[in-house]
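Visitor: Just a sequence and a predicted model for now, questions to come.
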Amino acid sequence: MGDIKADVVLDTKGMNCPMPVLKTKKAIDSLQAGQILEVISTDAGSKSDIPALLKRLGHELVETREDGGVIEFYIRKK
């Protein structure tokens, strides 16, 4: 998809569940509709937890990237 320009970057590396999910929700709440949030996580549980959160809240997971145990989520607020 190429490079996605995030409006806000949330670094949750080193945090364990449920902190990445709680911080992601708080960050999404502070965005305007249409803005992009990039969440960076090292918590393996985030791979399922963050998409589940977005589905429940109705936001769009634009892209997920994983490299060397670091997971990046690009989220568009609806």
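Guide: That came through fine. Residues are numbered from 1 along each chain as shown.

Visitor: Residue 55 and residue 43: what is the separation?
Guide: Using C-beta to C-beta, to the nearest Å, residue 55 is found at 18 Å from residue 43. Just so you know, the C-beta spots here come from the backbone N, C-alpha and C atoms, and that holds for glycine as well.

Visitor: Looking at these two, which has the bigger crowd around it?
Guide: It is residue 43, of residue 55 and residue 43, that has more neighbours when counted by other C-beta atoms under 10 Å, with 20 against 11.

Visitor: Who are the contact partners of residue 21?
Guide: Residue 21 makes contacts with 46, 49-50, 53, as judged by C-beta atoms under 8 Å, 6 or more residues apart in numbering.

Visitor: Residue 19 now?
Guide: 12, 43.

Visitor: Double-check residue 10 against residue 39; I have them as touching.
Guide: Yes. Using C-beta atoms under 8 Å, residue 10 is in contact with residue 39, at 4.8 Å.

Visitor: list the residues that contact both of these two?
Guide: What both residue 10 and residue 39 touch, as defined by C-beta under 8 Å, 6+ apart, is the set 24, 27.

Visitor: Show me which of these two is the more surrounded one.
Guide: Legend: neighbour count by other C-beta under 10 Å for residue 10 and residue 39, higher for residue 39 (24 against 18).
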